[in-house]
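Trainee: sequence plus the predicted model coming up.
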Amino acid sequence: MSEPMRLLETGLLPAQHNVAITAALAELHCAGQSPDTLRLCRYRPSVLVGRDQRIADAIRTKACQLRNVDVVHRMTDGGAVYMNPGMLGWELVADRSHFGDRLHRIAERICSGIAAGLARFGLPARYSLPCDVEVAGHSIAHSAGSLFGPTVVFQGTILIDVKRSDLTAFIRNGHALRRVSPLNSAEEFSILRDWLGRVPPVEELKALLVAALSFYWRRELRPASLTSPELNLVDRLGGKVEAVFP
């Protein structure tokens, strides 16, 4: 196996805090001050807008205001994505050379590992272009990433227990997910709850994913915490990341 990779679990946080953690990890990794890291996280109800998207084009403003859904720009490309506690978020901040020379190759390697984790539930999960994991042709885990010099930042979410209608209620048509053909219908999603006939505990899902990713990537995933420099930078960046609807 290659050298171990750090595993972070940061729990349920507001979108602003999660975005600040991602930015801090990316900045310090680019500077050679943070190790390759896989982070598992959860979000309070929010919409994460792609780095280059205009807020007004991407979201349904009134719906977000009425339901107290925060809207925050993330640092990766792609379309706007709704997040809530019924999903497990994951992100990889790592040396791109370990995963591929082009973003599409990196997406395949990462998403294939996620699919391998979901397959441990007995699901027919598979990687789907450009950066999805599907079960029976419907998206159950979608992702997006960007390259920053030698560093890749790749983020995604797995649908555990969420209302299908919420997945499209806050996002304008054509911006639901970053796909060749954007998903605009709630019926185009797979939910883990429906396939298993139960809501799996988040810890069970995490354990299966970590085991599968470690095997698929041939890297041990070692639990650890944010370092003091990372925490300090998160605090500084947190003040600069403002939700559109606090």
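Mentor: The structure has been received and is ready for your questions.
Trainee: show me the helices in the chain, by range?
Mentor: 15-30, 55-58, 61-66, 103-119, 164-169, 192-196, 202-217, 228-238 (DSSP state H).
Trainee: comparing those helices, which yields the minimum mean pLDDT?
Mentor: Here those differ in mean pLDDT, and the lowest is helix 55-58 at a mean of 88.
Trainee: so what's the residue count around the nearest residue to D36 once chain neighbours are set aside?
Mentor: In this structure, D36 finds its nearest non-sequential neighbour in A94, 3.9 Å apart by Cβ to Cβ, 6 or more residues apart in numbering. Yep, even glycine has a C-beta here, placed from its N, CA and C like the rest. A94: 26 surrounding residues under other Cβ atoms under 10 Å.
Trainee: picking up where we left off before, to P150, which of the helices of the chain lies closest?
Mentor: Proximity to P150, assessed across the helices of the chain by Cβ to Cβ, is greatest for helix 15-30 (7.0 Å).
Trainee: could you list the buried residues of the closest one?
Mentor: By neighbour count on 16 or more other Cβ atoms under 10 Å, the buried set for helix 15-30 is 15-29.
Trainee: just those now: which is nearest R60?
Mentor: A15 (16.6 Å).
Trainee: how about the closest residue to the closest one other than its chain neighbours: which residues does it bridge to?
Mentor: Once flanking residues are discounted, A15 sits nearest to S46: 3.7 Å by Cβ to Cβ, 6+ apart. Taking DSSP bridges as the rule, S46 bridges to D70, M83.
Trainee: quick one on the thing from earlier: dump the helices of the chain to CSV, plus distance to D132.
Mentor: Shown next, in CSV, are these (distance: least, Cβ to Cβ, whole Å):
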stretch, distance to D132
helix 15-30, 20
helix 55-58, 19
helix 61-66, 24
helix 103-119, 7
helix 164-169, 13
helix 192-196, 15
helix 202-217, 16
helix 228-238, 29
